[in-house]
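In: Got a sequence here, can you model it:
(one chain, ligands or ions: 1)
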Amino acid sequence: MLRLVVGVLLGHAHLNQHLSIMRVVDNPHCNHCQGSYETAAHFIGECNGYASLRGEIWEKPHLHTDHFQHVTIRDLVSFIGNYADSRRSQSLALASTSGDGIWAHLAA
Ligand SMILES: [Zn+2]
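Out: Model prediction:
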């Protein structure tokens, strides 16, 4: 989990924008929001696909980058951990590991 959190913070996590630079995937866009690159800022603060989880943790569906300075490591770990657990279960159920950005790699 620590590796995943640090990767997200550094922008070197298995997010589609980074994976496309590394030529692991062809599409740098978010799987939920075509037109938006799947960056750390998009994942943590903007993506509508994670709005309900964000609401549970921060009581806001979206976080502007100005609010990132108020995000605690504990809340960030909770956000990433909860969603990773959810996606891992879905990925295992679907036995799908391709084209799913950061979360596909959690199923392995
Ligand atoms: Zn998105």
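
In: just the helices in the chain please.
Out: 2-10, 16-21, 40-41, 51-58, 73-94, 101-104 (DSSP state H).

In: which ones are touching Arg54?
Out: Contacts for Arg54 (Cβ atoms under 8 Å, 6 or more residues apart in numbering) come out as 45, 60-63, 79. Glycine gets a C-beta too; all of them are placed from N, C-alpha and C.

In: What about these, which one has the most neighbours?
Out: Greatest neighbour count in these, by other Cβ atoms under 10 Å, goes to Phe79: 22 neighbours.

In: List the residues that contact that one.
Out: Per Cβ under 8 Å, 6+ apart, neighbours of Phe79: 44, 50, 53-54, 57-58.

In: out of those, who's nearest the ion?
Out: Tyr50 (7.5 Å; Cβ to the ion).

In: export the contacts of Phe79 to CSV and tack on distance to His29 and pLDDT?
Out: What follows is the contacts of Phe79, written out as CSV (distance: Cβ to Cβ, whole Å; pLDDT from 0 to 100):
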residue, distance to His29, pLDDT
Ile44, 17, 93
Tyr50, 15, 93
Leu53, 20, 93
Arg54, 20, 95
Ile57, 25, 95
Trp58, 24, 95
